[in-house]
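Colleague: Got a predicted structure here, sequence first:
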Amino acid sequence: MRFELGPPRLGRVRLVAIDGPSGSGKSTLADTIAVELHATVVRTDDFATWDDPVAWWPRLLHGVLEPLADGRPGGYVRTEWTGGHPHPGATVTITPSEVLLLEGVSAGRRSIRPRLSALIWCEVADRAERLARAVARDGEALREPLTAWQEFEDGWFAVDGTKAAAGYRA
């Protein structure tokens, strides 16, 4: 995928958001871009849970984005999943780098857009295919919560306007 980065808007860091519905390939795209740009990746899945799909944002903002904007390392406690259940995991330290990729549902939310150097929308158009991909990734036991997650995403993206705001599509 080809795209141009805007100027740094998070201190000296170029912040790139890769957003879109679950099961669309955002993580794979982020991993590919990270190699090409020698970028650091932070995933919204490291913060979100079934019960807290987007309200965790202050943890990312205060723990990672604000310190990086000031040229300091940031950090957070990763949410890890065992058997479909979230629990606190490892502490992750993020050192300042030229490019930070923020990948996952709500990564390109309205409140962060003024700080973004690029916003990429990644979507597999067919909802059933996205669900099948997510179930293949996470396991059949999670079909029901993944279906509920899709319902949440529909409302989130409709209100946030993420797709319309994206400068690039994948």
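Modeller: That came through fine.

Colleague: so after the lengthiest helix in the chain, what's the next helix or strand?
Modeller: In the chain, taking DSSP state H as the definition, the longest helix is helix 143-160. Using DSSP states H and E, the next helix or strand after helix 143-160 towards the C-terminus is helix 162-165.

Colleague: Which positions in that next one come out as buried?
Modeller: By neighbour count with 16 or more other CB atoms under 10 Å, helix 162-165 contains the buried residues 162-163, 165. Backbone N, C-alpha and C define where each C-beta goes, glycine included.

Colleague: Just send these back as a markdown table, with pLDDT and distance to residue 130 too.
Modeller: Output for these, formatted as a markdown table (pLDDT from 0 to 100; distance: CB to CB, whole Å):
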| residue | pLDDT | distance to residue 130 |
| --- | --- | --- |
| 162 | 97 | 15 |
| 163 | 97 | 14 |
| 165 | 97 | 20 |
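
Colleague: So which elements touch the longest helix of the chain?
Modeller: helix 127-138 (3 or more CB pairs under 8 Å, 6 or more residues apart in numbering; DSSP states H and E).

Colleague: re earlier: just the buried residues of helix 162-165 now: which is nearest residue 46?
Modeller: residue 162 (19.1 Å; CB to CB).

Colleague: separation between that closest one and residue 82?
Modeller: Relative to residue 82, residue 162 is positioned 30 Å away (CB to CB, to the nearest Å).

Colleague: cool, and residue 42?
Modeller: Applying CB to CB, the value for residue 42 to residue 82 is 21 Å.

Colleague: neighbour-wise, which of those two wins?
Modeller: residue 42 (24 against 8; other CB atoms under 10 Å).

Colleague: who does the helix or strand containing the more buried one touch, helix- and strand-wise?
Modeller: Using DSSP H and E, residue 42 sits in strand 40-43. In terms of contact count using 3+ CB pairs under 8 Å, 6+ apart, strand 40-43 is assigned the packing partners helix 26-37, strand 85-94, strand 99-103.

Colleague: If anything else comes up later, I'll come back, but that's it for now.
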